[in-house]
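Participant: Give me the fold of what follows.
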Amino acid sequence: MDAYANGTHLFTFALTECLYAMVLPSNPALKMATGVTATLIGTIYSSPHDIRAAARNSHEMSRTVGDSGQIIDKAIAGISDDDWTKMGREEVDEAKKLFLRESGDGERIFGALGDSLDQLAKHSFQLAVASVAVSSVLLALSMASSAGKLFPPAAPAVEAATIPAGNAAMAALRGVVTKGSTVYLMSAGLATTVAMQLATMSSRSLTNSVNPTGKGDLPEFEQVYLPNLPTLTKDGKPLTEKKDGE
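Facilitator: Below is the predicted model:
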């Protein structure tokens, strides 16, 4: 079974443990640490499985775009020299070069995006596991603190042990979240770059579709005028006038 599919369940379980720990009659400082931990978990809540699925789709798109260049090459190579005499081989070769350049850029862009999403899915799952580990520690400490209140002589010793341990657990998760946030920001930046590059490629493709060779300006169209055409009907009326009943 895919372990990443359990990512969202782990995040949910960690939040549930934190909420349960917060309702226990434990030390206020421990409650605060648990509340901060729950907030941290909420900021990194994600689905490692869905992120990795998006990564696989990006890699598949990269392969598809890359394969399209080979398909074009094979198709053009299959045209015989005799057939080329009836077509503009030079123009087709120029258009092919432009297409291969665009497809090469697309292949690299989607590949880079897939790699980034793979890394992001890995960090998301690691954060889910870390969240459960920390929330479980905080819940155990909260239960110990609550139990200490039932036996007053042991309360000072219990508080002296649980509060530093709770703060340490919260700090550990905060460090993991900080590193994970850096990965998130890098992935978001890459996604923005990919979107901009794809928009640029689309714009170039529209231009190339009407000017595939990329040479010179687009053709100018002028109105054609044919001299000595008749302007009157056989009845001597202008051709632009409608006859009765029309």
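
Participant: Okay, strands next: where are they in the protein?
Facilitator: Here the chain has no strands by DSSP state E.

Participant: And the helices in it?
Facilitator: With DSSP state H as the definition, the chain shows helices at residue ranges 7-23, 28-44, 48-77, 81-84, 89-150, 155-210.

Participant: what's the longest one packed up against?
Facilitator: In this structure, helix 89-150 makes packing contacts with helix 7-23, helix 28-44, helix 48-77, helix 155-210, judged by 3 or more C-beta pairs under 8 Å, 6 or more residues apart in numbering; DSSP states H and E. C-betas here are computed from N, CA, C, even on glycine.

Participant: Also the third one?
Facilitator: The contact analysis (3+ C-beta pairs under 8 Å, 6+ apart) places helix 48-77 against helix 7-23, helix 89-150.

Participant: Just the angle for that helix relative to helix 89-150, thanks.
Facilitator: In this structure, helix 48-77 runs at an angle of 170 degrees to helix 89-150, with axes from the mean of the first three to the mean of the last three C-alpha atoms, to 10 degrees as the basis.

Participant: got the buried residues for helix 48-77?
Facilitator: Burial within helix 48-77, assessed by neighbour count using 16 or more other C-beta atoms under 10 Å, is assigned to 48-52, 54-55, 58-59, 61-62, 65-66, 68-69, 72.

Participant: Poorly predicted segments of this protein, please.
Facilitator: In the predicted model of the chain, residues 1, 84-87, 148-163, 179-234, 239-246 satisfy pLDDT under 70.

Participant: before we move on, the earlier item: want to try CSV for the helices and strands packed on helix 48-77, with distance to T39 and mean neighbour count as columns?
Facilitator: Converted to CSV, the helices and strands packed on helix 48-77 look like this (distance: least, C-beta to C-beta, whole Å; neighbours: other C-beta atoms under 10 Å):
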stretch, distance to T39, mean neighbour count
helix 7-23, 9, 19
helix 89-150, 12, 19
